[in-house]
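> Here's my sequence, what's the structure:
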Amino acid sequence: MELKLFQKDLAILFGVSEDCITYWENSRSTPQIQYYPALIRFLGYYPFELDLTAFEGRIKAFRYINGLSQKQFATLMKINPRTAQQWEKGQGNGPKRAEIDQYLVNYNFNINEH
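Have a look, this model is predicted:
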């Protein structure tokens, strides 16, 4: 992708320092999840391997596209954070799993609409 943007342009776009952009480029650090929505929109694709056919993949995609930590996701879905963590590992069930899965199955993961 050749947009001819400088690090300072990207820093402004993402609301971070130029040093932060440098660290991301050089793999000295990775972006925190709150920056994922802007990164996904900027790139125009998910830079992560996600299986949207699996419940755990849909949870991660939902969190990433909305910039939510597991705890924030759990609060939003009114579940225990430990439950969210287990579900992302492909473990456990729980009474709300079917309800949340149905919500995620119907969620629009089209990155161009977020």
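
> CA only for contacts and neighbour counts going forward, please
Fine.

> For this structure, which residue occupies the most central location?
Centrality entry for the chain: nearest residue to the mean C-alpha point is residue 64, 0.8 Å, by CA atoms, centre = their mean.

> quick one: that one and residue 33 touch, right?
Yes: between residue 64 and residue 33 there is a contact at 6.5 Å, judged by CA atoms under 8 Å.

> returning to that earlier point: avg pLDDT for whatever helix or strand the residue nearest to the centre of the chain lives in?
The secondary structure element spanning residue 64 is helix 55-66 (assigned by DSSP states H and E). For helix 55-66, mean pLDDT rounds to 94.

> With just CA atoms, put that helix into CSV.
As requested, C-alpha coordinates have been extracted for helix 55-66 and formatted as CSV (Å, rounded to 0.1, in the frame of the first residue of the first chain):
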residue,chain,number,x,y,z
PHE,A,55,-17.8,-19.0,18.2
GLU,A,56,-14.4,-18.1,19.6
GLY,A,57,-13.4,-16.4,16.3
ARG,A,58,-16.6,-14.4,16.3
ILE,A,59,-15.9,-13.2,19.8
LYS,A,60,-12.4,-12.1,18.9
ALA,A,61,-13.5,-10.4,15.7
PHE,A,62,-16.3,-8.5,17.6
ARG,A,63,-13.8,-7.4,20.3
TYR,A,64,-11.2,-6.4,17.7
ILE,A,65,-13.5,-4.4,15.4
ASN,A,66,-14.9,-2.6,18.5
